[in-house]
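[1] Next one to model:
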Amino acid sequence: MVKSAYIHIPFCNNICSYCDFCKLLYNKNFVKKYLNALEKEITDNYKGEILDTIYIGGGTPSSLSITELNKLFSIIKILKLSKDCEFTFEVNIEDITEEKLEKLKENKVNRLSIGIESFNDKYLKYLGRNYTSDIINEKVELAKKYFDNINVDLMYALKNESLDDLEKDIDKILTLDIKHISCYSLIIEKNTKLYIDNTKYISDDLDSDMYDLIDKKLENKYHRYEVSNYSITSYESRHNLTYWENNEYYGFGLAAAGYIDNIRYTNTRNLSKYISGSYERQEEVLTKEDKIKYEFILGLRLTKGINKDNFNKKYGINISEIEVIKELISKGLLIDDKINIYVPKKYFYVLNDILVNFV
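    Reported below is the predicted structural model:
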């Protein structure tokens, strides 16, 4: 049963220098056509399930005008939401205003995700942000007047960034007193300014030290429940847990990914085709073996790992008898505590080297 939906709004006030996903600068003409196409896609494909989580992300959606937000929320009303639905909306710092926060609140949004990235003006400029650090606290405090459940994104491993730079960023994030923090090492996508400029990554050793520093600084107040995500207890992202627990979900919008009826799909990235109603989905029909592979690749990102009983009920297989699991346990790369199978904390930084065993 599908209980989650992701809706992609690929427009932004500025295209970030490092990002290859939000493709389009805000354009009123395109937005109107896009929202009409989005409404058609949802109407044609949504099957009427009651949803427990919905996540509106992308460029970000907060770049939309109040009129356009009204249109977006009228589309959302097609979806049936549970009484305690977690409804997340991505916002940019520069888009946070009383008017927009009120609009989100009145349309049942109850969780914000704010892309702060850094408090250092040098790195904000490097990332193509159109704001300086002096307004971040002001904007977050304004958001907290309307929303209790807020995530902020922190990016690290930026060009020439030092451990001291990162520590200052973490200390400032801690003063915000928010419920959830996502921490991401910079990945430079192809066809972006940073990639074209041939920007070099920092050393692996420094990246690893930064990863450890983040955990050390956050662990007293937050618990890490996924490799890159920290929260106050009970404020974990329920929507993202849908992904990591390998459950099905809708993906609506340009380039949106979804997982329905044993099929993983991705919509076209071509705006003209999408607006014309030609989604041209790339589809991967999953076998039982494929689903088990995804179960490991996604589930082992969680600090609690994979529940053995749930796995056995889901697939009719004793997880402890799978050869690759037994081998990784024998090497100390996985732990079996009789309830869950998980990756030891000391190996989180090299998690991909473990997960490659399941590909």
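
[2] Do me a favour and get the end-to-end distance for stretch 114-129?
    Taking CA to CA, to the nearest Å, stretch 114-129 runs 13 Å from one end to the other.

[3] Figure out how far that stretch is from the centre of its chain.
    18 Å (CA atoms, centre = their mean, to the nearest Å).

[4] And stretch 129-147, by the same measure?
    Stretch 129-147 sits 20 Å away from the centroid of its parent chain (CA atoms, centre = their mean).

[5] buried stuff in that stretch?
    129, 131, 133, 136, 139-140, 143-144, 146-147 (16 or more other CB atoms under 10 Å). (Each C-beta comes from the backbone N, C-alpha and C, glycine too.)

[6] Can you give the contact residues for that stretch?
    Here stretch 129-147 makes contact (CB atoms under 8 Å, 6 or more residues apart in numbering) with 13-14, 16, 91, 93-94, 96-98, 101-102, 104-105, 109-112, 114, 116-121, 124, 150, 152, 172, 175-176, 178.

[7] longest strand in this protein, by residue count?
    strand 80-91 (DSSP state E).

[8] related to what we said a few turns ago, mark which of the contacts of stretch 129-147 are part of strands, please.
    Those of these mapping onto strands are 91, 111-112, 114, 116-117, 150, 152, per DSSP E.

[9] who's in contact with stretch 66-77?
    Against stretch 66-77 from outside (CB under 8 Å, 6+ apart): 7, 9, 28, 31-32, 35, 38-39, 42, 54, 56, 61, 64, 99-100, 103-104, 107.

[10] Report the distance from that stretch to the chain centre.
    When C-alpha coordinates are averaged (CA atoms, centre = their mean), stretch 66-77 and its chain have centres 22 Å apart.

[11] avg pLDDT for it?
    Stretch 66-77 carries an average pLDDT of 97.

[12] Alpha carbons only: can I get that stretch in CSV?
    The C-alpha coordinates for stretch 66-77 follow below in CSV (Å, rounded to 0.1, in the frame of the first residue of the first chain):
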residue,chain,number,x,y,z
ILE,A,66,1.4,33.4,-3.4
THR,A,67,-0.9,33.0,-6.4
GLU,A,68,1.1,30.0,-7.6
LEU,A,69,1.2,28.5,-4.2
ASN,A,70,-2.6,28.7,-4.1
LYS,A,71,-2.7,26.8,-7.4
LEU,A,72,-0.2,24.2,-6.0
PHE,A,73,-2.2,23.6,-2.8
SER,A,74,-5.4,23.3,-4.8
ILE,A,75,-3.6,20.4,-6.7
ILE,A,76,-2.5,18.9,-3.4
LYS,A,77,-6.2,18.7,-2.3
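
[13] Can you mark which positions in it are buried?
    Quick answer for stretch 66-77 (16+ other CB under 10 Å): 68-69, 71-73, 75-76.

[14] which among the contacts of stretch 129-147 end up buried?
    Using 16+ other CB under 10 Å as the burial test, those include 13-14, 16, 91, 93, 96, 101, 104, 109-112, 114, 116-120, 124, 150, 152, 172, 176, 178 as buried.

[15] How confident was the prediction at the nearest residue to Ile306 once chain neighbours are set aside?
    Of all residues not flanking Ile306 in the chain, Gly299 sits nearest, at 4.1 Å (CB to CB, 6 or more residues apart in numbering). Gly299 carries a pLDDT value of 98.

[16] how far away is Gly299 from Lys291?
    From Gly299 across to Lys291, the span is 11 Å (CB to CB, to the nearest Å).

[17] Neighbour count: the two, which is higher?
    Between Gly299 and Lys291, counted using other CB atoms under 10 Å, Gly299 has the larger neighbour count: 20 against 15.

[18] Contact partners for the more buried one?
    Neighbours of Gly299 in contact, by CB under 8 Å, 6+ apart: 244-246, 305-306.

[19] Likewise for Val227?
    301, 303, 348, 351.

[20] close enough to count as contact, the first one and Trp244?
    Yes. Checked against CB atoms under 8 Å, the pair Arg301 and Trp244 is within contact range at 5.4 Å.

[21] Quick check: neighbours shared by the two?
    Joint contacts of Arg301 and Trp244 (CB under 8 Å, 6+ apart) are Glu226.

[22] Give me the distance between the residue nearest to Lys308 when sequence neighbours are not counted and Ile339.
    Closest residue in space to Lys308, ignoring its immediate chain neighbours: Ile319 at 5.3 Å, by CB to CB, 6+ apart. The spacing between Ile319 and Ile339, counted by CB to CB, is 11 Å.
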